[in-house]
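A.B. asks: Give me a 3D structure for the following:
(chains A and B)
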Amino acid sequence: MLDIKFIRENPAIVKNALKNRNAEADVDGLLELDRLRRAAITESEGLKTERNTASKTIGGLMKEGKKDEAEAAKEEVRLIGDRIAALDDQVRELDEKISHIILYIPNLPAETVPVGASEEDNPVLRSFGEKKEFDFEVKPHWDITEELKLVDFERGAKITGSGFPVYTGQGARLQRALISYMLDLHTTEHGYTEVEPPFVCNASAMTGTGQLPKFSEDMYYIDTDELYPIPTAEVPLTNLYGDEIIDADEPVKLAAYTPCFRREAGAAGRDNRGLLRLHQFDKVEMVNFVKPEQSAAQHEILVGEAEKVLQLLGLHYRVIELCTADLGFSAAKCYDIELWAPGVERWLEVSSVSNFGDYQARRARIRCRDENGKAQLLHTLNGSGVALPRLVVAIIENYQNADGTVTIPEVLRPYMGGLEKMG
RNA sequence: GGAGAGAUGGCAGAGCGGUUUAAUGCGUCGGUCUUGAAAACCGAAGAGGUGCAAGCCUCCGGGGGUUCGAAUCCCUCUCUCUCCGCCA
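C.D. replies: Okay, here's the model as predicted:
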């Protein structure tokens, strides 16, 4: 969330940022509640000072045996106590109202983020490789996965529902190979610590990273135990250090493989053929905790680490920057990496690399020490490194052969038992 | 799931209704001494809120209650440990 002090001092900046994001929030109402809250606190604290002094006096009178005087004083202090209780109730109510507004206000876009009206305005920053030429008719991945029995969509729908594919045979092996390949790359080449977190989180963690309260409809929920299956490893990894002051003199870098669960409410029928949009998918995620002054530079490093995964696989991709209108709720700045898939003839988003500034750190209370040893909010970043299904789509479609087989990229072969082709 | 015991500052560990502004030890940082270091001695040091500031308020796992006053008493939740049960 945003710093209430910042909002108080820069309401115009906040309102303009909301406008650029096509978002709305009652900033003036928030500031009025903030004013009332501080007035109530000031009054309550003054009374508490009185009460503390009076209580000490009563203690003294009791010791000296002046019972009558003590009783008279007690009566007086009781009245002060009643007023304090009323004021503190007021503060609590105001806190709730303030939270209700401020938790729904998205992060401010960084100054470098291009202002835009829709995803049409996302600039392409760079690309790697080029579109492969084929001397035969390329097939979309759903034909290939069926012919080679790599994915069984029908049976997944039978046992769970649509959007829950079953990977089989070499298809299942490929999932495992990709996970191992990516985690090995990040841990050995990029300095990451591998983590295997829980795949469900509580409401507090979900609020810390910004999924709650606004996006509860996008998540699955286990009512009996009040737990949410994670939509991304960002949630458990980032919240790992919630309520802590950690040493971030060097960036703390965590990488994890987890399945991800998304209801994709409102997305029915969109982009959902084959492996393009699923309710459950696998992903390797990278999360960084850095000192504030390092986050902009670390963001560039992080996107490079995600790109490395694709470069070694020999896949054609491009990096775009999200404009203000397309930026995620908690992000201050975000790059998307898109892979070219010749079968479906589309660019597929496989990684979203975001700098959250101190937005998540403030919600989750994650801090580090500044140069003077004082506690300060740190910055969080994360990036997919990368999401599997669309990566699988790109691999299968780009490496398909005229005879119906799929060549396995060389870096994956050690993870596939030396296999060179699927099919 | 059942029974019991716990949760206090970076760590260990006192305190169990009013000089606790949370003792003491270890660790950390600064200083004295020293060629340098160690030892010894002296000193400093938490987080959040509020206020222009001085300062004040809050925080002893979370929440609620009793009281003039709660780390301390009561209720409740969470977590940890021990034993039992069940079980990949």
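
A.B. asks: pretty sure A:V138 is touching A:A341, no?
C.D. replies: No - between A:V138 and A:A341 there is no contact under CB atoms under 8 Å: 9.6 Å. Quick note: C-beta positions are derived from backbone N, CA and C, even for glycine.

A.B. asks: and for the two, which residues touch both?
C.D. replies: A:E397 (CB atoms under 8 Å, 6 or more residues apart in numbering).

A.B. asks: Of the two, give the one with the bigger neighbour count.
C.D. replies: Ranked by neighbour count (other CB atoms under 10 Å), A:V138 and A:A341 place A:A341 first, with 25 against 17.

A.B. asks: can you pull up the bridge partners for the more buried one?
C.D. replies: A:R346 (DSSP bridges).

A.B. asks: ok so A:A17 is a helix residue?
C.D. replies: Yes - judged by DSSP: H, G, I helix; E, B strand; the rest coil, A:A17 forms part of a helix.

A.B. asks: Who are the contact partners of it?
C.D. replies: For A:A17, the contacting residues are A:L108, A:P109, A:T324, by CB under 8 Å, 6+ apart.

A.B. asks: Looking at those residues, which is nearest RNA strand B?
C.D. replies: A:L108 (18.2 Å; CB to the nearest atom of the strand).

A.B. asks: Surely that closest one and A:V14 touch.
C.D. replies: Yes - with contact defined as CB under 8 Å, A:L108 and A:V14 form a contacting pair (7.0 Å).

A.B. asks: Give the residues shared as contacts by those two.
C.D. replies: A:L2.

A.B. asks: can you list the residues of the stretch 201-350 of chain A near RNA strand B?
C.D. replies: Contact residues (CB under 7 Å from any atom of the strand) of the stretch 201-350 of chain A with RNA strand B: A:I245.

A.B. asks: Pull the residues that contact stretch A:123-132.
C.D. replies: Counting by CB under 8 Å, 6+ apart, A:114, A:307, A:310-311, A:314-321, A:323, A:335, A:340, A:342, A:398 sit against stretch A:123-132.

A.B. asks: Please tell me how far that stretch is from the chain's geometric centre.
C.D. replies: Put simply, stretch A:123-132 sits 26 Å off its chain's centre (CA atoms, centre = their mean, to the nearest Å).

A.B. asks: Kindly check the end-to-end length of it for me.
C.D. replies: 23 Å (CA to CA, to the nearest Å).

A.B. asks: Report the rounded mean pLDDT for it.
C.D. replies: The average of the pLDDT scores along stretch A:123-132 is 97.

A.B. asks: in the stretch 251-400 of chain A, which ranges drop under the pLDDT threshold?
C.D. replies: Per-residue confidence for the stretch 251-400 of chain A (pLDDT under 70) gives these ranges: A:268-270.

A.B. asks: surely A:E196 meets A:Y257?
C.D. replies: Yes - counting by CB under 8 Å, A:E196 touches A:Y257, with 7.4 Å between them.

A.B. asks: Between those two, which is the more surrounded one?
C.D. replies: A count of neighbours by other CB under 10 Å puts A:Y257 above the other of A:E196 and A:Y257, at 21 against 11.

A.B. asks: Can you point out the buried residues in stretch A:314-332?
C.D. replies: Across stretch A:314-332, burial judged by 16 or more other CB atoms under 10 Å covers A:315-327, A:329-332.

A.B. asks: hmm, I was thinking of stretch A:340-347
C.D. replies: Neighbour-count burial for stretch A:340-347 [16+ other CB under 10 Å]: A:W340, A:A341, A:P342, A:G343, A:V344, A:W347.

A.B. asks: So what's the gap between that stretch and the chain middle?
C.D. replies: Using CA atoms, centre = their mean, the offset of stretch A:340-347 from its chain centre is 27 Å.

A.B. asks: Would you mind giving both backbone torsions of the residue of the stretch 101-250 of chain A found nearest RNA strand B?
C.D. replies: Shortest the stretch 101-250 of chain A-to-RNA strand B distance, computed as CB to the nearest atom of the strand: residue-wise this is A:I245, at 6.8 Å. Per-residue torsions, A:I245: phi -110, psi 110 (degrees, to the nearest 10).

A.B. asks: I'd say it and A:A375 touch.
C.D. replies: Yes - between A:I245 and A:A375 a contact is recorded at 5.2 Å, counting by CB under 8 Å.

A.B. asks: quick revisit: between A:L108 and A:V14, which one's more packed in?
C.D. replies: A:L108 (23 against 20).

A.B. asks: got a pLDDT number for the closest residue in space to that one that isn't next to it in sequence?
C.D. replies: Excluding the flanking residues, the one nearest A:L108 by CB to CB, 6 or more residues apart in numbering is A:A17, at 4.5 Å. Note on A:A17: pLDDT of 95.
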